[in-house]
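A.B. asks: Just the structure for this:
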Amino acid sequence: MQKAEAEEPKVESNNSDVVVSTETPKATATNLPEGPKFSALSLSSIRAKRELLESTRGIVKEDVQLPTEAFNETDMLLLWSKYAQRLGDRGHKIMESLLLIGDPKLEGTTITHELPNDSTKIEFESEKLELLGYLRGKLHNHDITIDVVVNEKVENKFAFTPKDKFNRLNEINPNLELLKKTFDLDI
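C.D. replies: So this is what the prediction gives:
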């Protein structure tokens with residue numbers, strides 16, 4: 001390998017200021033302004049820094065009023081499921097399933113979503129900003145916030161035996177017991 005030879009610093013004269021440049025011809029700065037170059041220790045550079053500070057002090061951020069239209073839980077749930085569907089179409093199945101685990105609850109402009117454990121919460125939090133931006137834009141309300149609650153007490157009831165399956169279905173529809181008795185069915 002060939003070592004790059006160090007070049008002598010170039011001395012340029014600009015008005016009464018002396019500028020020392022150590023740049024090589026290959027390494028050029030593309031983000032620097034094209035204005036006159038000042039030495040870091042010259043009176044002109046101190047004056048330029050003061051002018052820059054004074055010009056930035058005068059800049060005041062405008063208060064932008066973002067829309068805060070009213071919306072209801074039905075509209076929010078519809079957009080929530082549409083967003084989950086979009087994620088599923090793009091192949092983000094994990095996030096889609098996290099969104100569809102349960103229906104979020106709306107209290108004012110705060111959306112509360114329940115998740116079963118901390119690892120799913122961490123996964124959800126990583127994608128929450130995109131969901132929040134989508135909902136804020138579609139519902140025209142920038143006061144919307146999403147709170148994630150971990151509820152580890154959510155129980156999944158699995159029915160393995162025919163008796164368990166019948167009991168589970170009977171909880172859903174009590175008329176099943178009447179059907180069983182009427183036709184003298186066995187489990």
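A.B. asks: those helices in this protein, which residues are they?
C.D. replies: 43-57, 73-89, 93-99, 118-139, 162-172, 175-182 (DSSP state H).
A.B. asks: Just give me how far the first one sits from the chain centre.
C.D. replies: Going back to what we said before, that points to helix 43-57. Chain-centre distance of helix 43-57: 38 Å, with CA atoms, centre = their mean, to the nearest Å.
A.B. asks: That helix - contacts with which helices or strands?
C.D. replies: With contacts defined as 3 or more CB pairs under 8 Å, 6 or more residues apart in numbering; DSSP states H and E, helix 43-57 has no packing partner among the helices and strands. In short, each C-beta sits where N, CA and C put it, glycine included.
A.B. asks: With only the CA atoms kept, save that helix in PDB.
C.D. replies: What follows is helix 43-57 as a C-alpha-only set of coordinates in PDB (Å, rounded to 0.1, in the frame of the first residue of the first chain):
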ATOM      1  CA  LEU A  43     -11.200  39.500  14.800                       C
ATOM      2  CA  SER A  44     -13.300  38.900  11.700                       C
ATOM      3  CA  SER A  45     -14.200  35.300  12.900                       C
ATOM      4  CA  ILE A  46     -15.200  36.700  16.300                       C
ATOM      5  CA  ARG A  47     -17.400  39.300  14.500                       C
ATOM      6  CA  ALA A  48     -18.900  36.600  12.300                       C
ATOM      7  CA  LYS A  49     -19.700  34.400  15.200                       C
ATOM      8  CA  ARG A  50     -21.400  37.300  17.000                       C
ATOM      9  CA  GLU A  51     -23.500  38.100  14.000                       C
ATOM     10  CA  LEU A  52     -24.500  34.500  13.700                       C
ATOM     11  CA  LEU A  53     -25.600  34.400  17.300                       C
ATOM     12  CA  GLU A  54     -27.600  37.600  17.000                       C
ATOM     13  CA  SER A  55     -29.300  36.400  13.900                       C
ATOM     14  CA  THR A  56     -30.400  33.100  15.600                       C
ATOM     15  CA  ARG A  57     -31.700  34.900  18.600                       C
END
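A.B. asks: before we move on, the earlier item: now the helices of the chain in JSON lines, with mean pLDDT, mean neighbour count and distance to Val149?
C.D. replies: Shown next, in JSON lines, are these (pLDDT from 0 to 100; neighbours: other CB atoms under 10 Å; distance: least, CB to CB, whole Å):
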{"stretch": "helix 43-57", "mean pLDDT": "81", "mean neighbour count": "11", "distance to Val149": "43"}
{"stretch": "helix 73-89", "mean pLDDT": "93", "mean neighbour count": "15", "distance to Val149": "16"}
{"stretch": "helix 93-99", "mean pLDDT": "91", "mean neighbour count": "17", "distance to Val149": "13"}
{"stretch": "helix 118-139", "mean pLDDT": "93", "mean neighbour count": "15", "distance to Val149": "9"}
{"stretch": "helix 162-172", "mean pLDDT": "83", "mean neighbour count": "12", "distance to Val149": "26"}
{"stretch": "helix 175-182", "mean pLDDT": "89", "mean neighbour count": "11", "distance to Val149": "34"}
